[in-house]
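> Generate a structure from the sequence data that follows.
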Amino acid sequence: MREHPPHVTDDDVHRQLWAHWLPDVERVTHLPVGFGAWHWQAWAGGRPRLFVTLDQLGDRHTDKTLEGAYSAAAGLAARGLEFVLPNRRTLLGRCTVPLGEDRLSVTPWLEGTSGDGSFTDDQARATVDLLARLHGEAVPPTLPRWRPLVHPAFAFRLETRTARPWETGPFGEYARTALRERLPQIREWTSAYHTLSAGTDESSWVPTHGEPHTRNQLVTQTGTYLVDWESAKVAPRERDLATLVEHGWGHLVDAEPDLLTMFDLEWRLDEISQYASWFEAPHAGSESDEVALRGLHHELRREPRDNSCRT
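Numbering: from 1, shown residues only. The predicted structure follows:
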């Protein structure tokens, strides 16, 4: 998130790091990066040592599923998947610890660069290779299983929620009006999504990252790492391959077009659902609010993705 969390101080984070991961921590610095979670840089010995993440629990994760996702990634790294940047465990063996109602986790601090989400030819081919290795692994026992992220009654509930003005902040009414204008399409998308999800074959599911685009790839002097394993799940492999197809590299992958369509619909509907909750709640017009508003407009208006791929 671009702004500092209103309910957690740097001292709160410092104390948890000192107690569970880094007894010699000197200071923490909030990082205005990412979206959906908060981050800090933790220093010790005069240099950055840890990348710190604060995840919220709720519709996407319980304490058990968040811990399970991060623990599964640590297990995959221990098996020899060198491109997995795992969370560092506490002395008690956990990957997350409570901080209020949220959960704190850390990874080693590595110097490197990330992309803008798109792929060069070399990046696309390298991503195909690493995903093939990930999808070929046995499923870690703690890895959460995929399930539809949006309820079948989502459109009906959204219609009810948007029936009255959202006087919640500077963007409330704009968001509510935009959602109501697209309710017929949201109904169609939700119906198609659940029809496709009902036909998935769980016996073929594999470990997936969920968002393996280049914003979640860290290029360092020692190699490229996949980061942010919060979204990891046992799921159809198309959950990961959809990212490559979206950016025009479908000719590099073998995938089921219907499943690619399903995950395109899932992304759109889940984003709309999260943004609806965002603007239905109080907000002040921050930079993060502006990013969310642009995201809502994009998902309501964009064309369906071209799911052409190698067959």
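
> burial count for residue 308?
Residue 308: 12 surrounding residues under other CB atoms under 10 Å. Backbone N, C-alpha and C define where each C-beta goes, glycine included.

> before we move on, what about residue 285?
Residue 285: 11 surrounding residues under other CB under 10 Å.

> Okay, it and residue 271: tell me how far apart.
Distance, residue 285 to residue 271, by CB to CB, to the nearest Å: 20 Å.

> what about the strands in this protein?
Applying DSSP state E to the chain gives strands spanning 27-31, 38-44, 47-55, 97-99, 102-108, 206-208, 217-220, 223-226, 233-235.

> Show me which positions of the third one end up buried.
By neighbour count on 16 or more other CB atoms under 10 Å, the buried set for strand 47-55 is 48, 49, 50, 51, 52, 53, 54, 55.

> again, but for the fifth one
By neighbour count, and taking 16+ other CB under 10 Å as the criterion, the buried residues in strand 102-108 are 102, 103, 104, 105, 106, 107.

> Just the pLDDT at the last one, thanks.
Residue-level confidence at residue 107 comes out at 97, pLDDT.

> Quick one: residues contacting it.
50, 51, 53, 85, 86, 87, 88, 227 (CB atoms under 8 Å, 6 or more residues apart in numbering).

> OK, contacts around the third one?
Translated: residue 53. Taking CB under 8 Å, 6+ apart, one finds 37, 38, 39, 104, 105, 106, 107, 230 in contact with residue 53.

> any idea how far it is from residue 19?
Residue 53 is 17 Å from residue 19, by CB to CB.

> Likewise for the last one?
For residue 227, the distance to residue 19 under the criterion CB to CB works out to 24 Å.

> Check the spatially most central residue of the chain and give its pLDDT.
Computing the C-alpha centroid of the chain and ranking residues by CA atoms, centre = their mean puts residue 231 first, at 4.9 Å. Per-residue confidence (pLDDT) for residue 231: 95.

> Isn't residue 292 up against residue 279?
Yes - contact criterion CB atoms under 8 Å: residue 292 and residue 279 qualify, at 7.3 Å.

> Give the residue from the two that has the larger number of neighbours.
residue 279 (24 against 21).

> What sits closest to the more buried one if chain neighbours are left out?
Residue nearest to residue 279 in three dimensions, not counting chain neighbours: residue 175, with 3.7 Å by CB to CB, 6 or more residues apart in numbering.

> from memory the one you found sits against residue 168, does it?
No - the pair residue 175 / residue 168 is not scored as a contact, 9.0 Å apart, by CB under 8 Å.

> For those two, indicate the residue with more neighbours.
Neighbour count, other CB under 10 Å: between residue 175 and residue 168, residue 175 has more, with 25 against 16.

> For residue 304, which residues are in contact?
The contact partners of residue 304, by CB under 8 Å, 6+ apart, come to 261, 264.

> and what of residue 295?
By CB under 8 Å, 6+ apart, the contact list for residue 295 reads 271, 275.

> Likewise for the one 4 residues further on?
For residue 299, the contacting residues are 267, 268, 271, 272, 275, by CB under 8 Å, 6+ apart.
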